[in-house]
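Undergrad: coords below, sequence missing:
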Ligand code: C5P
C-alpha cells in the first residue's frame, strides 16, 4: 500500500506494544499488534484440537478464522478473546504456531492490508524484516532478559492475572530462542533497523526517543 508504515520489532517484554500504541495515538495512525494474530490463531487451534506442530493444517485454519483487532480488544469469530490470548501459555503456543511457513504465509496479506491511510504503526518480530521491508522507519526495541521478565510480571499482575516470576523468565527464554532460531522470518534486527535499548529507561523516555526518530523520518 501507499500508506506510510513504522515498524517496531524486538523480543518479548521490551514494551513494544506500549510504545507502538503511544506512537500510533501520537501520529493518529492505525496500530497492528501482529503478536495478537499469532496468539489468536494458537487459541483457535487449541479449541479445535488442531496439533500446534501441524503446519499445513494450521495454515488452513489461519485462512478460515475471522480475527478482528479493535484497539485492546481482540475477537475470534466474533467472541472476545482479549484476556484468553494474554496468558503466558498463549504466548508460548503462539511461538509454536509462528514457526510454520504456511501460517506465516496465510497471515502475510492480512497484515499488509492493515497499511492504510493515514499510516500504520506495526509491532511484532518480522514487521521490518519481512512484512513491511519498505517501512519508513524500523525500530528494534531491546532490553535485558531480567528486565523483560520483570515487566511482563508487572503487566500481568496489573491486569489481575496470575503470574510467577520464575515461570516468566523461563517462558521468555523458550519463546525468544524459538523466535530467533526458526528458519522462516526469525526475530532479527531488520536491514536499516535502529536499535533502541529500553533497559532501565522509563516508558516516557523510550517513547520520546522513538517519537523523535519518527518525526525525523516523516
Ligand atoms: O508479541 P507477542 O508476545 O504477543 O507475540 C507472541 C508470539 O507470536 C511471539 O513469541 C512470536 O513467536 C509470534 N510472533 C511472530 N511474528 C510476529 C509477532 C509475533 O512470530 N510478527
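TA: Received the coordinates, thanks. What you see is a predicted model; the values in this text were computed from it and never measured.
Undergrad: Determine how far the longest helix along the chain lies from the middle of the whole chain.
TA: As assigned by DSSP state H, the longest helix anywhere in the chain is helix 165-181. When distances are taken as Cα atoms, centre = their mean, to the nearest Å, helix 165-181 is centred 15 Å away from the chain's centroid.
Undergrad: Which elements pack onto that helix?
TA: Applying 3 or more Cβ pairs under 8 Å, 6 or more residues apart in numbering; DSSP states H and E, we find helix 165-181 packed against helix 88-97, helix 145-158. C-betas here are computed from N, CA, C, even on glycine.
Undergrad: Could I get the full set of strands for the chain?
TA: 5-9, 30-33, 67-70, 73-76, 79-80, 120-124, 137-142, 194-197 (DSSP state E).
Undergrad: residues in contact with residue 214?
TA: 6, 23, 26-27, 137 (Cβ atoms under 8 Å, 6 or more residues apart in numbering).
Undergrad: The ligand contacts on this structure?
TA: Within the chain, the positions near the ligand by Cβ under 6 Å from any ligand atom are 12, 34-35, 38-39, 91, 94-95, 98, 124-127, 175, 179.
Undergrad: Would you mind getting the angle between the longest helix of the chain and helix 88-97?
TA: Interaxial angle of helix 165-181 relative to helix 88-97 (axes from the mean of the first three to the mean of the last three Cα atoms, to 10 degrees): 10 degrees.
Undergrad: Tell me which residues are up against helix 165-181.
TA: 11-13, 88, 91-92, 95-96, 98-99, 125, 145-146, 148-150, 152-153, 156, 186-188.
Undergrad: go again using 6 Å as the cut-off
TA: If you take Cβ atoms under 6 Å, 6 or more residues apart in numbering as the criterion, helix 165-181 is touched by 11-13, 88, 91-92, 95, 125, 148-149, 152-153, 186-187.
Undergrad: Among those, which pair sits farthest apart?
TA: Farthest pair in the contacts of helix 165-181 (Cβ to Cβ) is 153 and 186. Separation: 25.9 Å.
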